[in-house]
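> 3D, please:
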Amino acid sequence: MRNISFMLTTDQVRRRTKTVTRRMGWRRLKAGEVLSGVEKGMGLKAGEKVSKLCTIRVVDVRTEPLRKMTDDTNYGFSECEKEGFGDHLTLQWPSEFVQFFCSSHKGCTPESEVTRIEFEYLD
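The predicted structure follows:
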């Protein structure tokens with residue numbers, strides 16, 4: 001089973017408030033695929049092991065410009081909720097989420113095409 005890292009949103013996954021994630025890449029992912037959600041998948045130090053968080057099934061996959069969240073604020077607020085940030089002080093705001101995403105993904109801008117992955121928890 002392929003791993004998908006939730007290093008930046010571990011708490012949201014643990015609380016099961018996150019049902020959507022955005023990625024740079026992941027273009028070949030298909031609805032129906034089952035993935036192992038992990039805390040950190042890359043950059044592990046010698047002796048460190050992957051820490052599994054959950055098993056998920058992909059419900060929907062599509063690409064869209066990241067700025068769609070700020071172009072349509074109703075959509076943006078709904079997506080921030082699905083990203084697990086509905087009650088977060090700043091990241092519940094689409095503009096803040098887009099800024100956060102860009103700052104944590106090298107080369108990303110609001111115009112970047114990202115892969116939006118919707119999923120359900122299996123465990």
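> contacting residues for T90?
Residues near T90 by C-beta atoms under 8 Å, 6 or more residues apart in numbering: E96. Where you see a C-beta, it was placed from the backbone N, CA and C, and this is true even at glycine.
> so it, which of the three states?
coil (DSSP: H, G, I helix; E, B strand; the rest coil).
> need the pLDDT of it.
Note on T90: pLDDT of 97.
> quick check: it vs K52, distance?
29 Å (C-beta to C-beta, to the nearest Å).
> any weak-confidence spans in this protein?
41-48 (pLDDT under 70).
> rerun at 80
40-50 (pLDDT under 80).
> which residues in it form helices?
Secondary structure of the chain, counting by DSSP state H: helices at 10-14, 68-71, 73-80, 94-103.
> would you tell me which of the ones you listed gets closest to T21?
Smallest distance to T21 across the helices of the chain (C-beta to C-beta): 9.0 Å, for helix 10-14.
> ok so, going back, mean neighbour count added to the helices of the chain, as TSV?
Shown next, in TSV, are those (neighbours: other C-beta atoms under 10 Å):
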stretch	mean neighbour count
helix 10-14	17
helix 68-71	18
helix 73-80	16
helix 94-103	18
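> for those, give me CSV that also has distance to E118.
Shown next, in CSV, are the helices of the chain (distance: least, C-beta to C-beta, whole Å):
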stretch, distance to E118
helix 10-14, 14
helix 68-71, 14
helix 73-80, 10
helix 94-103, 16
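> closest to V34 out of these?
Nearest to V34, of the helices of the chain and by C-beta to C-beta, is helix 10-14 at 15.3 Å.
> who does the closest one touch, helix- and strand-wise?
Contacts defined by 3 or more C-beta pairs under 8 Å, 6 or more residues apart in numbering; DSSP states H and E place helix 10-14 against strand 52-65.
> contacts for the strand it packs on next, please.
By C-beta under 8 Å, 6+ apart, strand 52-65 touches 1, 4, 6, 10, 13-14, 26-27, 29-39, 71, 110-123.
> among the residues you listed, which are in strands?
4, 34-38, 113-121 (DSSP state E).
> for K49, see how far away the residue nearest the centre of the chain is.
Nearest to the geometric centre of the chain sits T21, at 2.2 Å (C-alpha atoms, centre = their mean). Relative to K49, T21 is positioned 22 Å away (C-beta to C-beta).
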